[in-house]
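Q: Below are the sequence and a predicted model; questions follow.
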Amino acid sequence: MAALGSLQKRKHFERQSQVVISEPPQKRQKSETPITNGRSTGQPTQSRDLHQNGTVLPSRASTPARPPSTNGQAPTEPKQKRSPLGKRSAYALQRPDDREKYQPTSDRKTTSMKEEESPRKPFRSVAEKLATIKNEAASILRSSNNTPLNSFRPLKEATPLRFKAISSSEQPRNAAISQSSILSVDIPSPQKTLETSPKVQSSSRFLQPKFEIIVPSSQELLQKWSGPVPKAQSTLNYERRSMLKELKKSPNIAQEKPEEARRLFGVTFSNIFAPESDDERMVKVASKKARKVTRKGIQLEGDDLAKSIQRLDLDKITIHPAQAVRAVLTNRFNEQLSPPITFANDVNERRLPGKFQFVDHYVIREGVRLAPTSRSGCRCEDCRISTCTCFSKTIGDREDSTARIGQNRTYTRRPDGLVVLSDDYIEQELDKTADHYEITECNEFCRCGNDCLNRVVGKGRTVPLEIFQTDKCGFGVRSSQDIVRGQFIDTYLGEILTEAELCQREDAGEEGEPSYIHSLDWFDYNSDKNYHVDGKNFGTPMRFVNHSCNPNARSFVVQMHKDDKKVYHLAFFAIRNIPAGTEIRIDYSGGADQDEELNAELADGFTRCYCGEKNCRKRLWRPGVKTRRRRRKAD
Ligand SMILES: C[S@@+](CC[C@H](N)C(=O)[O-])C[C@H]1O[C@@H](n2cnc3c(N)ncnc32)[C@H](O)[C@@H]1O
């Protein structure tokens with residue numbers, strides 16, 4: 001049985017040792033030297049001398065490489081003497097001992113040098129070209145005698161050849177390659193493979209790698225394939241998942257493998273992340289000198305990227321997970337530094353919640369539908385309240401719009417050039433008995449320019465903000481600059497949720513825990529189809545704004561387009577001058593129930609207010625009510 005086994009094995013090796021040269025069909029028709037089964041009928045070739053591991057088996061003694069035919073005819077190959085060993089000889093000659101015997105190193109060098117020195121003449125036929133290619137291949141393989149399989153490199157550009165070690169189990173990769181002339185050399189000996197290629201050794205002992213010498217049909221093809229072989233989508237997905245797993249263990253991977261990250265996710269995380277680890281940053285932030293740090297230096301409490309990714313709840317996100325991860329990574333360290341956001345805690349060791357991400361846009365959650373944006377805008381060169389259609393939209397759908405047009409001016413330009421909310425507009429909005437109006441700003445389809453008076457929120461935040469630890473109310477927000485009455489501070493952003501999702505989250509949350517919900521109920525206060533903004537995990541510095549019964553800021557409803565009555569901006573403006581360093585606070589009730597139960601006894605379940613103002617109502621909201629609702633008109 002053992003003998004039979006070895007015989008079968010040998011036969012198998014003999015079959016494998018055949019040299020296969022294939023060409024595209026059209027080329028083959030033209031070829032004057034059809035090549036079959038590794039044996040050219042009229043063309044001298046050394047291809048049969050190629051060994052799978054990069055060695056060239058010498059034609060008996062040191063036969064020099066035959067120069068290519070110059071007369072356009074394939075020269076006739078002198079009839080080879082059949083080896084006395086028959087078929088077995090092919091295998092026998094491939095044993096290392098034989099190889100050494102038949103091809104001393106010095107011989108190989110000589111042959112190689114001779115080939116290099118011989119001038120190349122233009123090819124006259126495909127056959128001649130193939131012959132030259134094969135000679136070159138033989139030469140290269142010979143010079144790479146001891147090179148492991150997986151260390152072959154593409155030839156220089158001038159040589160229209162490329163070597164690639166592939167597994168014989170690989171399928172032809174694509175049509176482009178199959179149209180090229182391919183010279184394949186099967187590897188007969190798994191043993192040899194194991195010796196020369198650790199990679200192959202580790203994968204499978206039945207793997208039978210072979211060489212393909214690819215003769216590209218054009219330079220373009222050569223260029224296309226000079227890079228790494230494109231990977232299948234499934235492979236990419238697998239690699240992406242692996243990298244995400246690695247990221248879960250350590251976000252530092254993102255910096256350590258920037259190229260890998262770019263290849264898999266299209267982004268180099270090292271551009272986004274500070275190169276130091278969270279731990280290193282924590283040490284820096286903890287040092288006294290670094291008490292006040294820029295956003296880059298803010299240590300995110302306890303959390304790491306892994307948890308951020310887990311929190312993504314990938315099933316519920318409608319975009320591709322890779323995109324979602326990318327968005328989180330980008331937004332987590334979003335450079336909202338201009339004007340800067342800083343963090344300070346001189347009270348205790350509390351740090352920003354690690355789950356929180358700064359964003360500059362709403363995060364739309366499942367079930368939320370955005371109205372399509374119309375492409376309409378005003379036609380003014382210089383927007384004026386009496387003529388601009390955007391301005392008039394602010395009040396245009398009200399019955400008494402004409403009467404109010406004068407007093408309902410929203411923005412005004414101060415002598416110093418700063419555009420602020422007009423006193424009239426602020427007073428009107430603070431008046432509980434008056435009608436309240438949203439602001440409609442000019443948008444990207446308006447003809448007016450960036451200097452337009454009616455563009456404030458659309459231009460973004462202009463004041464620096466600092467998140468800091470208050471004495472009694474957790475973190476709060478302040479600015480290092482004076483803020484004047486009517487000045488825009490920032491918007492409130494976060495995840496937009498449906499009512500159902502909000503209920504789920506509130507049920508899952510614990511009674512008494514901080515609330516970060518802002519309802520978008522401006523246009524229909526009583527509807528149960530309104531959306532809500534949850535700023536808990538995603539948001540702006542306004543997420544940290546505390547309540548005061550005597551507020552110095554307030555949120556106003558701002559739209560850039562009139563189309564969406566369910567999703568709009570919640571923009572915070574100063575309603576009083578706020579000196580630098582003073583905490584910015586709003587009234588969570590929107591002023592609707594300011595007079596209710598003033599100084600009332602703190603009932604069970606009421607969330608206690610610690611604003612410390614003289615007129616403090618002693619409570620933030622009723623039991624079970626966590627949502628800050630902003631009524632259009634006081635009921
Ligand atoms: C939108 S958050 C404000 C940021 C919060 N201080 C923090 O550290 O994340 C709202 C929560 O802050 C707290 N808070 C805000 N204003 C308060 C006040 N005047 N008195 C007591 N707690 C207040 C309450 O826990 C409330 O649920």
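A: Alright, I've got the coordinates. Numbering: from 1, shown residues only.

Q: List the beta-bridge partners for the closest residue to residue 414 other than its chain neighbours.
A: Distance criterion Cβ to Cβ, 6 or more residues apart in numbering; nearest residue to residue 414, sequence neighbours excluded, is residue 420 at 6.0 Å. Any C-beta I mention is one placed from the backbone N, CA and C, and that applies to glycine too. With DSSP bridges as the criterion, residue 420 is bridged to residue 412.

Q: Thought residue 410 was touching residue 420, still the case?
A: No: contact criterion Cβ atoms under 8 Å: residue 420 and residue 410 do not qualify, at 10.0 Å.

Q: higher neighbour count, these two?
A: Legend: neighbour count by other Cβ atoms under 10 Å for residue 420 and residue 410, higher for residue 410 (28 against 21).

Q: ok, that one to the ligand distance?
A: As judged by Cβ to the nearest ligand atom, to the nearest Å, residue 410 and the ligand stand 26 Å apart.

Q: Quick check: phi and psi at that residue.
A: phi -90, psi -60 (degrees, to the nearest 10).

Q: For the residue nearest to residue 414, which residues are in contact?
A: Contact analysis of residue 420 by Cβ atoms under 8 Å, 6 or more residues apart in numbering lists 411, 412, 414, 484, 485, 486, 487, 488, 573.

Q: now do 7 Å
A: Going by Cβ atoms under 7 Å, 6 or more residues apart in numbering, residue 420 touches 411, 412, 414, 484, 485, 486, 487.

Q: Give the buried subset of the residues you listed as a ChimeraX selection command.
A: In ChimeraX syntax, the buried subset of the contacts of residue 420 is picked out as below (16 or more other Cβ atoms under 10 Å):
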select :411,412,485,486,487
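
Q: Just the element for residue 139, please.
A: Using DSSP states H and E, residue 139 maps to helix 126-143.

Q: which other helices and strands contact that helix?
A: Packing contacts for helix 126-143, counted by 3 or more Cβ pairs under 7 Å, 6 or more residues apart in numbering; DSSP states H and E, involve helix 105-117, strand 181-186.

Q: before we move on, the earlier item: tell me the predicted confidence for the residue nearest to residue 414.
A: Listed pLDDT for residue 420 reads 94.

Q: measure it to residue 607 for me?
A: 33 Å (Cβ to Cβ, to the nearest Å).

Q: re the thing from before, mean confidence for the helix holding residue 139?
A: For helix 126-143, mean pLDDT is 72.

Q: can I have it written out in PDB, keeping just the CAs?
A: Only the C-alpha atoms of helix 126-143 are listed here, as PDB (Å, rounded to 0.1, in the frame of the first residue of the first chain):
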ATOM      1  CA  VAL A 126       4.300  37.300 -31.100                       C
ATOM      2  CA  ALA A 127       6.200  34.000 -31.000                       C
ATOM      3  CA  GLU A 128       9.400  35.800 -30.800                       C
ATOM      4  CA  LYS A 129       8.100  38.000 -28.100                       C
ATOM      5  CA  LEU A 130       6.900  35.100 -26.100                       C
ATOM      6  CA  ALA A 131      10.200  33.400 -26.500                       C
ATOM      7  CA  THR A 132      12.000  36.400 -25.200                       C
ATOM      8  CA  ILE A 133       9.600  36.700 -22.300                       C
ATOM      9  CA  LYS A 134      10.200  33.100 -21.400                       C
ATOM     10  CA  ASN A 135      13.900  33.600 -21.600                       C
ATOM     11  CA  GLU A 136      13.600  36.500 -19.300                       C
ATOM     12  CA  ALA A 137      11.400  34.700 -17.000                       C
ATOM     13  CA  ALA A 138      13.800  31.900 -16.800                       C
ATOM     14  CA  SER A 139      16.600  34.300 -16.100                       C
ATOM     15  CA  ILE A 140      14.800  36.000 -13.300                       C
ATOM     16  CA  LEU A 141      13.700  32.700 -11.800                       C
ATOM     17  CA  ARG A 142      17.200  31.500 -12.000                       C
ATOM     18  CA  SER A 143      18.500  34.500 -10.200                       C
END
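
Q: got the residues of the stretch 351-500 of the chain near the ligand?
A: Residues of the stretch 351-500 of the chain that fall close to the ligand, judged by Cβ under 6 Å from any ligand atom: 473, 474, 475.

Q: Can you read off the pLDDT for the residue nearest to residue 421 when sequence neighbours are not counted?
A: Distance criterion Cβ to Cβ, 6+ apart; nearest residue to residue 421, sequence neighbours excluded, is residue 486 at 3.8 Å. In this model, residue 486 is scored at 96, pLDDT.

Q: got it, and residue 385?
A: Residue 385 is assigned 70 on the pLDDT scale.

Q: Double-check it against residue 410; I have them as touching.
A: No: the pair residue 385 / residue 410 is not scored as a contact, 8.1 Å apart, by Cβ atoms under 7 Å.

Q: Which residues of the protein lie near the ligand?
A: Within reach of the ligand by Cβ under 6 Å from any ligand atom, the chain has these residues: 473-475, 514-516, 544, 546-547, 609-611, 620.

Q: and which of those residues is nearest residue 431?
A: Nearest to residue 431, judged by Cβ to Cβ, of the residues of the chain next to the ligand is residue 547 at 20.7 Å.

Q: I'd like the distance from the closest one to residue 347, if you could.
A: On the measure of Cβ to Cβ, residue 547 and residue 347 end up 19 Å apart.

Q: more crowded one of those two?
A: A direct count of neighbours by other Cβ under 10 Å for residue 547 and residue 347 places residue 547 higher, at 21 against 10.

Q: And the residue of the stretch 201-350 of the chain that's closest to the ligand?
A: Among all residues of the stretch 201-350 of the chain, residue 350 sits closest to the ligand, at 8.4 Å; criterion: Cβ to the nearest ligand atom.
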